[in-house]
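Enquirer: need a 3D model of the following:
(one chain, ligands or ions: 1)
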Amino acid sequence: VDLSTSIAGVSLPNLFFNASGVWCQHESELKELLNSESGSLITKSATFEYREGNPSPRYVPLPAGSINSMGLPNEGYEYYLNYAKNYDYTNNVKPLFVSLSGLSLQDNVKMVEQFVAADLPCILEINFSCPNVPGKPQLGYDMDAMENALKVLAPIVKKPFGIKLPPYFDIAHFDAVAAIVNKIDNLAFVTCVNSVGNGLAIDFETETALIKPKDGFGGLGGAMILNTALANVNAFHRRLNEGKKVIGVGGVTSGKEAFLHVLAGASAVQIGTQLKEEGPVFFARVKKELEEIMQAKGYKSLDDFRGKVKTL
Ligand SMILES: O=C(O)c1[nH]c(=O)[nH]c(=O)c1I
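Expert: Numbering: from 1, shown residues only. Prediction:
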């Protein structure tokens, strides 16, 4: 069976890679992803300057997933620009994605301009949905600000790029966001979903929040968000113009959920919580599990079933 796919006109040997933020802040982690069976890799969302991020504990696994309020810890965009400059695009079969998450539109413009000036084959995923920077409401929930940002950034990027979206929970929001995305010609993909923002995990015995930042409020990930993720993947798959793709992320803990993400319309699948918990060996497992599912169902490639979820 064939697990290959393409995003933004670039081919991936298989549909799996990390969700930005997980196993990708430092070069040593990115090297482990490169040496894993993932089909690609993406860097931690970068800001203009280095950021320590929020105080720990800031990530905790939960019975059905995870909660995090990392606070955008990253090495600063020049670290990732340098990594992207040194990446061996010729001999690595895996394309490189770079995530940018500026604290302002000006910062996003400055970072994008530097990447465009470097003229590299890496693909930009601009993060409109970080829920954990105190005092910074996320762009993904401000439709006018998001449209304005896209109208400023898309012409600078020129090449195909993507955006990381938060989960939406209202059909009117799916309609509104898809209408904005469809206006931007070189917006080649949307990545759905970022963590379900501002959940709260409390320990029953100690009667205390599990993470330190923001009174314990943080983004939810993992198994518990699978059905929200599938809905967002399918909603945008149904609404986006021909040629625009959806990368699915949220709740993939085995080949089965990866299959469901593709059935919902995903062209690639990112892994967050399960990668954090199991490590990069997870890519070998999830690949094998998906191959076995496809074999059992008689599918030879992802195109055979992508987006073909049936309704009653
Ligand atoms: O707290 C974070 O660093 C973080 N955490 C998330 O769950 N999603 C994001 O986009 C980010 I930038």
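Enquirer: ok, is stretch 226-236 in contact with the ligand or not?
Expert: No. Using Cβ under 6 Å from any ligand atom, we find that stretch 226-236 stays clear of the ligand, coming within 12.9 Å at best. Yep, even glycine has a C-beta here, placed from its N, CA and C like the rest.
Enquirer: tell me the buried residues in that stretch?
Expert: By neighbour count on 16 or more other Cβ atoms under 10 Å, the buried set for stretch 226-236 is 226, 228, 229, 230, 231, 232, 233, 234, 235, 236.
Enquirer: mind putting the residues you listed into CSV with distance to residue 80 and pLDDT?
Expert: Output for those, formatted as CSV (distance: Cβ to Cβ, whole Å; pLDDT from 0 to 100):
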residue, distance to residue 80, pLDDT
226, 29, 99
228, 29, 99
229, 25, 99
230, 30, 99
231, 31, 99
232, 26, 99
233, 26, 99
234, 31, 99
235, 30, 99
236, 26, 99
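Enquirer: pretty sure residue 128 contacts residue 139?
Expert: Yes. Counting by Cβ atoms under 8 Å, residue 128 does reach residue 139; the two are 4.2 Å apart.
Enquirer: what about the nearest residue in space to residue 84 that is not next to it in sequence, neighbour count?
Expert: Nearest residue to residue 84, sequence neighbours excluded (Cβ to Cβ, 6 or more residues apart in numbering): residue 122, at 4.6 Å. Number of residues near residue 122 (other Cβ atoms under 10 Å) recorded here: 22.
Enquirer: for residue 122, grab phi and psi.
Expert: phi -70, psi 160 (degrees, to the nearest 10).
Enquirer: contacting residues around residue 126?
Expert: 99, 100, 101, 108, 112, 153, 161, 162, 163, 164 (Cβ atoms under 8 Å, 6 or more residues apart in numbering).
Enquirer: go again with 6 Å.
Expert: Residue 126 makes contacts with 100, 163, as judged by Cβ atoms under 6 Å, 6 or more residues apart in numbering.
Enquirer: within the sheet, what are the partner strands of the helix or strand containing it, with directions?
Expert: Per DSSP states H and E: residue 126 is located in strand 123-127. Strand pairing for strand 123-127, determined by DSSP bridges: strand 96-100 (parallel), strand 161-165 (parallel).
Enquirer: would the first one count as contacting the ligand?
Expert: By that I understand strand 96-100. No. Taking Cβ under 6 Å from any ligand atom as the criterion, strand 96-100 and the ligand are apart, separated by no less than 8.1 Å.
Enquirer: how near is residue 143 to the ligand?
Expert: For residue 143, the distance to the ligand (Cβ to the nearest ligand atom, to the nearest Å) stands at 18 Å.
Enquirer: contact partners for residue 270?
Expert: Counting by Cβ under 6 Å, 6+ apart, residue 270 has contacts 17, 19, 249.
Enquirer: now, of those, which are buried?
Expert: For the contacts of residue 270, buried by 16+ other Cβ under 10 Å: 17, 19, 249.
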